[in-house]
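Engineer: sequence? don't have it. structure:
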DNA sequence: AACTAATACTTTTTT
DNA sequence: AGTATTAGTT
């Protein structure tokens, strides 16, 4: 037996033991599994520095850990959990650990598993706020007026429902868009406001006071539909706790220890929820960084973290300031910048890594030059064997990505876009899952409505109205109303036949649910419904990738035991793993970059109006400016060794060119940590040479166009799997991308007709290795790499 | 009911 | 500029 190791941990345990009533079996009578755990656990505490260790070992009472960027925040949380488990203070099922994203939850689960040696299977209460609330609600659904089988609505469903209510309330949908009300309701829910508690002023702001009324009707409708939106998961759970002392007491007893990740991002509802739960044994540990609060615009309250000590008297606050990520200049520059914020708790990060390179700041003429400069820089880093995976470009707004994508496509530089539309948000995926939803649960009105006329089967508004009013009159779900109505002469002959056909299909599928593999059934449904065919006939360039996505969906479904299991997952977990081990440059927004790190980080677009964003300034004034500054801080601190900031002299906003002035953040950077780059190749070019600007170029200003969320992903998928790369095929694409270093046979000849995902159809006019010059019918002449193109 | 023309909107985004 | 959505037309 590893007596010595067990011994030393035993000492730690005793020192930290509370009154003793809750930990009877720690040193004397351990269960076999606990002893096995103790035997197996690594000296996890020794991997921590003094600051981290203090934060981990203070297990009792409220604790706030202020963990700056790159200080090992996740390590603290996971080690804390491991410590709780290993010392026998709590079983996995007695620990509540909340995160904001599924990704964070997954990572935490993994890392706890590593620490405890994979022995921790059961941590049922480690998850996102929403998934945990959903779990609690399913258990006590009746109390809040739901059945435990309630469905979770996505944004689409939400807006469809609101539109109906607005129409019924005779409100001009033009002046008062459902979208806006959805956002408003969301923000009310974020603040824990039920319809009766909405402040009069705000209630009046939408449709002269009708907003609050609709909110109330909306909630009623949700109950009728046995449904909850994302905000409800939290708000209803909160109400459940507030109004039912017995239920709350049950969870007080269950959760011996509570941990919260990214506490600075919590909104009011989440704060109230946590506070109620913490009333039990007060073992609440929140980890966060006030300097990284960048989600104020969607309800996060920095105040929650700033007020922690008042909210939880006797709270211990730990500052973790040893940074393991960045070099000295980077850290100092970031610190100097964020120091200009007033509302902060204040931390002083330090690093042992050494000074490293200074931050580079560079002014350029316009966004094209910016992309060109950064592209060149990346190519030279690549030649010096810098992994592309360790390079990121972080932009303030997604439209900035276009210039980079254009440039990278031309250079043949492999890149990936992170963020943007998620897999499950794509129309084809939503349509497909709507079919499955209705089949599994015929009472899912909103999904039924979604597929009512998809693919087009001649059922329009008129038919839908009839079915809806029938459903309303009889107080039955739409599907059943439709089933009844086709037995009558209510509808004309054509719609009647179409609707009868739809119902018959659903009935048939449902009867097959038991007898066949769910993935097969899903394929059959997509086939028979005509949905696959719909996209096969579609001749838009994106149709191909949509079909690919459907295949991907089926493949992903195979990872679940049952259709129901899959659908439950889909409603809550809006992300699919794209484990992509190809070496690529990452392109994303600053928001999407939080929590990530890269050797080299490019930060383009530091101009007044764009960053800090004008809208943020207009809407939130000083607070908005400080949040933008935190965003800048997040951006810089993503870098491990190299950070390059740039700004343009001219920026096109909407359609027109404006001269831009450098962001105030540029001048706020402490000078001693910054190196100003003046391009020696073209001295002074960005102050004096509009002559060679894009205005002279053929086709300039008409650079094709698709900055839509859609094609970026399509583009990526196109690049990812032109051939059957599916199951971890060889990474041959990589070779094709690295144009200059690879010699191989040209795949296309001059005069050949080709199809490009972004530029459409064109004719090859020049071939240079794997680089092609193509005259596109609509986009003009472009240089592209052959892997982005297919024979037309 | 489906097509075409005009109109509005354009920061960041998770669940 | 460009798209997405909606209103009006066939």
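Structural biologist: Nice, thanks for sending it over. Predicted model only: the values in this text are computed from it and were never measured.

Engineer: hey, let's count contacts and neighbours off CA atoms from now on
Structural biologist: Will do.

Engineer: Which positions in the longest helix along chain A come out as buried?
Structural biologist: Determined from DSSP state H, the single longest helix within chain A is helix A:614-637. Within helix A:614-637, the residues that qualify as buried are A:616-617, A:623-637, counting by 16 or more other CA atoms under 10 Å.

Engineer: These also near DNA strand C: which ones?
Structural biologist: Cross-checking the buried residues of helix A:614-637 against DNA strand C (CA under 7 Å from any atom of the strand) gives no overlapping residues.

Engineer: thinking again about what came up before, report the rounded mean pLDDT for the longest helix of chain A.
Structural biologist: Helix A:614-637 shows an average pLDDT of 93 in the prediction.

Engineer: Likewise for stretch A:60-75?
Structural biologist: Stretch A:60-75 shows a mean pLDDT of 94.

Engineer: quick one: contacts of it?
Structural biologist: Outside stretch A:60-75, the residues that touch it by CA atoms under 8 Å, 6 or more residues apart in numbering are A:18, A:55, A:108, A:281-292, A:308, A:312, A:314-326, A:347, A:349, A:634, A:637.

Engineer: what about the closest residue to DNA strand B within the stretch 651-792 of chain A, neighbour count?
Structural biologist: For the stretch 651-792 of chain A, the residue positioned closest to DNA strand B under CA to the nearest atom of the strand is residue A:654, at a distance of 5.7 Å. The number of residues packed around residue A:654, counting by other CA atoms under 10 Å, is 8.

Engineer: gap between it and residue A:372?
Structural biologist: Note on residue A:654: its distance to residue A:372, by CA to CA, to the nearest Å, is 21 Å.

Engineer: And residue A:670, by the same measure?
Structural biologist: Going from residue A:670 to residue A:372 by CA to CA gives 27 Å.

Engineer: same thing with residue A:301?
Structural biologist: Applying CA to CA, the value for residue A:301 to residue A:372 is 39 Å.

Engineer: do whichever helix or strand residue A:401 is part of and DNA strand B meet?
Structural biologist: Secondary-structure assignment from DSSP states H and E places residue A:401 in helix A:401-411. No: in terms of CA under 7 Å from any atom of the strand, no part of helix A:401-411 sits within range of DNA strand B; the closest distance is 9.0 Å.

Engineer: and the next element down the chain from that helix?
Structural biologist: Using DSSP H and E, the next helix or strand after helix A:401-411 towards the C-terminus is strand A:415-417.

Engineer: list the buried ones in the helix or strand following that next one?
Structural biologist: Once strand A:415-417 ends, the next helix or strand along the chain (criterion: DSSP H and E) is helix A:427-440. Buried positions in helix A:427-440, judged by neighbour count with 16+ other CA under 10 Å: A:428-440.

Engineer: out of residue A:301 and residue A:372, which sits in the more crowded spot?
Structural biologist: Neighbours around residue A:301 and residue A:372, counted as other CA under 10 Å, are more numerous at residue A:301. The numbers are 22 against 19.

Engineer: Need the pLDDT of the nearest residue to residue A:165 once chain neighbours are set aside.
Structural biologist: With CA to CA, 6 or more residues apart in numbering as the criterion, residue A:165 has its nearest non-adjacent residue at 6.8 Å, and that residue is residue A:214. At residue A:214, the pLDDT value in this model is 88.

Engineer: residues in contact with residue A:214?
Structural biologist: Under the contact definition (CA under 8 Å, 6+ apart), the residues listed for residue A:214 are A:162, A:165, A:166, A:169.

Engineer: If we ignore the residues flanking it in sequence, what's nearest the third one?
Structural biologist: The shortest distance from residue A:166 to any residue that is not its chain neighbour, by CA to CA, 6+ apart, is 6.7 Å, and that residue is residue A:173.

Engineer: Would you mind giving both backbone torsions of the one you found?
Structural biologist: Summarising the backbone geometry of residue A:173 under the convention degrees, to the nearest 10, its torsions are phi -70, psi -10.

Engineer: now swap in residue A:113 and tell me
Structural biologist: Per-residue torsions, residue A:113: phi -60, psi -40 (degrees, to the nearest 10).

Engineer: where does it sit relative to residue A:258, distance-wise?
Structural biologist: As defined by CA to CA, residue A:113 lies at a distance of 18 Å from residue A:258.

Engineer: Which of the two has more residues huddled nearby?
Structural biologist: residue A:258 (24 against 16).

Engineer: Just after the strand or helix carrying the more buried one, pick out the following helix or strand.
Structural biologist: According to DSSP H and E, residue A:258 maps onto strand A:257-260. Taking DSSP H and E as the definition, the helix or strand that follows strand A:257-260 towards the C-terminus is helix A:268-278.

Engineer: Give me the helices and strands touching that following helix, please.
Structural biologist: Packing partners of helix A:268-278 (3 or more CA pairs under 8 Å, 6 or more residues apart in numbering; DSSP states H and E): helix A:178-190, helix A:230-243, helix A:245-254.

Engineer: List the buried residues in it.
Structural biologist: If you call a residue buried by 16+ other CA under 10 Å, then helix A:268-278 has these buried ones: A:268, A:269, A:270, A:271, A:272, A:273, A:274, A:276, A:277, A:278.

Engineer: what separates the closest residue to the third one other than its chain neighbours from DNA strand C, distance-wise?
Structural biologist: Using CA to CA, 6+ apart and skipping residues adjacent in sequence, the residue nearest residue A:270 is residue A:234, 7.1 Å away. To DNA strand C, residue A:234 is 27 Å away according to CA to the nearest atom of the strand, to the nearest Å.

Engineer: From DNA strand B, how far off is residue A:234?
Structural biologist: Distance, residue A:234 to DNA strand B, by CA to the nearest atom of the strand: 9 Å.

Engineer: That residue is in contact with residue A:130, isn't it?
Structural biologist: Yes: checked against CA atoms under 8 Å, the pair residue A:234 and residue A:130 is within contact range at 6.5 Å.

Engineer: what residues are up against residue A:648?
Structural biologist: Applying CA under 8 Å, 6+ apart, one finds that residue A:648 lies in contact with A:363, A:364, A:365, A:366, A:367, A:370, A:605, A:606, A:607, A:660, A:661, A:662.

Engineer: Return the per-residue confidence for residue A:48.
Structural biologist: Residue A:48 is assigned a predicted lDDT (pLDDT) of 88.

Engineer: And for the one 4 residues further on?
Structural biologist: Listed pLDDT for residue A:52 reads 93.

Engineer: and the helix or strand where it lies, what does it pack onto?
Structural biologist: Secondary structure from DSSP H and E places residue A:52 in helix A:50-57. Other elements packing on helix A:50-57 under the criterion 3+ CA pairs under 8 Å, 6+ apart are helix A:73-86, strand A:316-320.

Engineer: Format those as CSV; extra columns: distance to residue A:421 and mean neighbour count.
Structural biologist: Below are the helices and strands packed on helix A:50-57 laid out as CSV (distance: least, CA to CA, whole Å; neighbours: other CA atoms under 10 Å):
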stretch, distance to residue A:421, mean neighbour count
helix A:73-86, 27, 23
strand A:316-320, 35, 20
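
Engineer: Can you name the helix or strand that the residue nearest to residue A:165 falls in?
Structural biologist: Element membership of residue A:214, judged by DSSP H and E, is helix A:210-224.

Engineer: From the rest of the structure, what touches whichever helix or strand comes after that helix?
Structural biologist: Moving toward the C-terminus from helix A:210-224, the first helix or strand encountered (DSSP H and E) is strand A:227-228. Contacting residues not belonging to strand A:227-228 are listed as A:146, A:150, A:151, A:152, A:153, A:222 [CA under 8 Å, 6+ apart].
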